[in-house]
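K.L.:
structure for this input, please:
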Amino acid sequence: MRETPAGRLERSEGPGRLSEPAELLGTVSVLDDQQDTESATVELPSTAVVRPEGRAHSSLFRGDIEGLRAVAIGLVLLFHAGLPFLPGGFVGVDVFFVVSGFLITTQLASEIDRSGTISLGRFYARRAKRLLPAAGVVFVATAVLVRFLVPQSRWAEIGRDIVAAALYVVNWRLADRSVDYLAGSAAPSPVQHFWSLAVEEQYYLVWPVLLLLAVFLARQLSVRPRTVAAVLLGAVGVFSFVWSVRQTMQSPESAFFVTTTRAWELGIGAAVALAANRLARLPRSAAMSLGWLGLAAVVASGLIFSSSTAWPGYAACLPTLGTAAVIAAGFAVTRGGPGTILGVPPMRWIGGLSYSLYLWHWPLIVVATAYWGSLSPTRGLGVCALAVLPAWLTSRFLENPLRYSKSISRSPQLALSLGANFTAVGVATGLVLVISVATPSTAQTPIPAAGAAALKADPRDDPAGAPVDDVGWMTPVATAARDDVPDIYPRGCQQQVPRAAVVTCDYGDPKGRTNVAVVGDSKIAQWMPAIDAIAKQNGWHLTTYFKAACSLTDALTEVEGKPYVTCRDWRDAVLKRLAANPPSIVVTSQLFRTAYDSKNVPSEQAMVDGLRTTWSRITAMGSKIVVIGDNAPSGFEVYECVEKNPGALSKCAFSRNRYAQSAGPVQRRATEGLKSVFFIDLSDAICPTTQCAPIIGHVLIYRDNSHITATYVRTLTPRLADALTKAGVVVKYV
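P.N.:
Next up is the predicted model:
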């Protein structure tokens, strides 16, 4: 994503006929090891007739490629700054992918031309000295900023992200996190942008090997290397594109990050390099039209796409093919083509700085957001502008001296060692951030915490539940709140969003004669510490059926603004299992309060109707249904607010009226008039007064902006037992 200009690729003197290895890309070039990174100077085929400025050239400085980098980084920066007129600025990453695929393939072709092979050691050494030093410095700087400006509760997670980023696997970590509903409210990581760099580096591990395979097979089969390379590239590209479209439809959150859905974009750039001979012969008028249309496609992508667009998938064809068109046109025309504006000195300067700018801008934005809160577009632009300074310093005093060092260039071992050391620095920095967080056990309190036990039997308006500024101590502490969850998560008992397969776990009394099913999403899962305790005392055998963000309703719901098809399929499978062996009781709850109506518009009534239909099917099996009402969402990360305001905790309170935004009222409506369906409302024990306190009885209540800590749920166990008895499910709890 961030290759910058280096040495020139010069045409070999001698016969005009291409050597066989050089035919792979249709270029004849020599790459000086002193200038050993991707270049914006691209060698033209010796057979081409090229008319830039009306003269034939043996090589052409590709100022348009530098300008494309400037366009790409500009799109990304303006998008991250929050400018509303550029909702699709994330397409700048796709532009970088195509440019990188083109330049890296051109570089590899040069080596094949002069040696007939590729030295993988030298190739990876060039990548190491080019990319890893700057990245290592950014990791250290990011960790320092996080240490002083970001809440401690986020240090461990960010530290693990830094380790993954330093090892260039963070894209897979982010893909896993994107489908982990438990992490859905987590703030963006300051090294999240390294996902695209990870994609590129993983591609670079494979592509040189495939080119070597192409040369080997060509010799064995006595065919042109370009033919074999094109077949291999086509196979990889078609598979990646088809997979990208499929995964973008089924799991867009994870599809955005993974290498398999992005490889085709780099492959487009490689294909342009493979077609260099033909492209250099394009008629001038055709090349001009192609180039301008390509640039228009890139700019239009930033204007018309948005975060609601399923990405990458087929939509990414517009910016990627547009980028390819600009690069392709540049083989045959400069003056009059898009290079006229892309190749001006300011654009080339920004393009040359694009890697460092990309590295620096995002950590600064994330840290600034953590410190100031949501950034206005003006402040976002200011942060991006500020990133120019460290980017220039990094480029001027670190990147370029190492890139052009003769001693490092002459020794691949030294270059690899240099890169490995900077990688080690990044890994160590992340680990230091992780271990610097003292995470006390939730049980480490001066005295047993009362939690909900501090409230009266009727908790409504109980002063003991009112917000106060200082509680002295609390459990869990704010830095441990996100990890204060039921053990269903480490046990893998919850199915994630993309998949429909039913996952079950057993709790309660394994020999119990009363079978109870606990079904729903994370909002019923949060009650497991209390339900499990009651089950063990009452001889219940619990079977859990959990799926992230999935309500037990016949209506089609949505997730991330899209129809939640896997939820519907999962629900049908669960109902079949329940019908095969009906439980005595089904306990459920949910997060969402709307579903699609007949006009495909989300509505509360559609959710009510869907719940009643499903619950009626279950009661017809002979099962009772207990619905535990949803609690009010806070609207912000309570634990972060508590950490920032230890002596002014009332700042972390929120209105009890937010209960109306929960699924509770919808659930209550759905139970009305249904036999064997009982509604339990414990919201007053969670928010007793008009302002919901963050801490009651020395227990922190919320572990994010909606879910209750496992510790507070445990203190609610006696109240849940009483509520079950009142609902006709007689239980004992001591």
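K.L.:
and the residue positioned nearest the centre of the chain, what element?
P.N.:
By CA atoms, centre = their mean, the chain has its centre lying nearest to L174, at 4.3 Å. Per DSSP states H and E: L174 is located in helix 170-178.
K.L.:
so, low pLDDT: which residues of this structure?
P.N.:
1-61, 179-186, 438-447 (pLDDT under 70).
K.L.:
report the buried residues of the helix or strand harbouring D722.
P.N.:
Using DSSP H and E, the secondary-structure element containing D722 is helix 717-726. Within helix 717-726, the residues that count as buried by 16 or more other CB atoms under 10 Å are 717, 719-721, 723-724. All C-beta spots, glycine's among them, are computed from the backbone N, C-alpha and C.
K.L.:
turn those residues into a markdown table, columns for distance to L418.
P.N.:
Converted to a markdown table, the buried residues of helix 717-726 look like this (distance: CB to CB, whole Å):
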| residue | distance to L418 |
| --- | --- |
| T717 | 58 |
| R719 | 62 |
| L720 | 60 |
| A721 | 64 |
| A723 | 64 |
| L724 | 65 |
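K.L.:
follow-up on the earlier one: run through the neighbouring helices and strands of the helix holding D722.
P.N.:
With contacts defined as 3 or more CB pairs under 8 Å, 6 or more residues apart in numbering; DSSP states H and E, helix 717-726 has these neighbours: helix 528-538, strand 677-680.
K.L.:
got those as JSON lines, with distance to S411 and mean neighbour count columns?
P.N.:
Shown next, in JSON lines, are the helices and strands packed on helix 717-726 (distance: least, CB to CB, whole Å; neighbours: other CB atoms under 10 Å):
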{"stretch": "helix 528-538", "distance to S411": "58", "mean neighbour count": "21"}
{"stretch": "strand 677-680", "distance to S411": "71", "mean neighbour count": "21"}
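K.L.:
any chance of these in a markdown table, plus distance to L131?
P.N.:
As requested, those are exported to a markdown table (distance: least, CB to CB, whole Å):
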| stretch | distance to L131 |
| --- | --- |
| helix 528-538 | 45 |
| strand 677-680 | 56 |
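K.L.:
the stretch 451-600 of the chain: helices as residue ranges?
P.N.:
Applying DSSP state H, counting those that start in this stretch to the stretch 451-600 of the chain gives helices spanning 522-525, 528-538, 565-580.
K.L.:
same check, this time on the stretch 251-400 of the chain
P.N.:
Using DSSP H, counting those that start in this stretch, helices in the stretch 251-400 of the chain cover 252-255, 263-274, 276-279, 284-304, 317-329, 339-342, 345-352, 354-372, 377-386, 388-394, 400-403.
K.L.:
out of those helices, nearest to A525?
P.N.:
With CB to CB as the criterion, A525 lies closest to helix 252-255 of the helices of the stretch 251-400 of the chain, at 19.8 Å.
K.L.:
about what we covered before: quick one: closest of the helices of the stretch 251-400 of the chain to R577.
P.N.:
Within those, the stretch nearest R577 is helix 252-255; the backing value is 26.9 Å (CB to CB).
K.L.:
compare the helices of the stretch 251-400 of the chain and give me the one nearest G520.
P.N.:
helix 252-255 (20.9 Å).
K.L.:
who are the packing partners of the closest one?
P.N.:
Going by 3+ CB pairs under 8 Å, 6+ apart, helix 252-255 lies up against helix 170-178, helix 225-250.
K.L.:
adding distance to Q413, write those helices out as CSV.
P.N.:
Putting the helices and strands packed on helix 252-255 into CSV (distance: least, CB to CB, whole Å) gives the following:
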stretch, distance to Q413
helix 170-178, 27
helix 225-250, 29
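K.L.:
highest mean neighbour count out of those helices?
P.N.:
Greatest average neighbour count among the helices and strands packed on helix 252-255 goes to helix 170-178 (a mean of 22), per mean count of other CB atoms under 10 Å.
K.L.:
from the contact counts, what lies against the next helix or strand after that one?
P.N.:
From helix 170-178 onward toward the C-terminus, using DSSP H and E, the following helix or strand is helix 194-221. Judged by 3+ CB pairs under 8 Å, 6+ apart, helix 194-221 is in contact with helix 92-115, helix 120-149, helix 155-166, helix 170-178, helix 225-250, helix 263-274.
K.L.:
looking at these, which is closest to V586?
P.N.:
The nearest among the helices and strands packed on helix 194-221, by CB to CB, is helix 225-250 at 28.7 Å.
K.L.:
report the angle between the closest one and helix 565-580.
P.N.:
60 degrees (axes from the mean of the first three to the mean of the last three CA atoms, to 10 degrees).
K.L.:
which helices and strands sit right next to helix 225-250?
P.N.:
helix 194-221, helix 252-255, helix 263-274.
K.L.:
quick check: the nearest residue to G539 once chain neighbours are set aside vs T543, distance?
P.N.:
Once flanking residues are discounted, G539 sits nearest to G512: 4.2 Å by CB to CB, 6 or more residues apart in numbering. To T543, G512 is 11 Å away according to CB to CB, to the nearest Å.
K.L.:
over to T557?
P.N.:
23 Å.
K.L.:
and the two? which has more neighbours close in?
P.N.:
T557 (26 against 19; other CB atoms under 10 Å).
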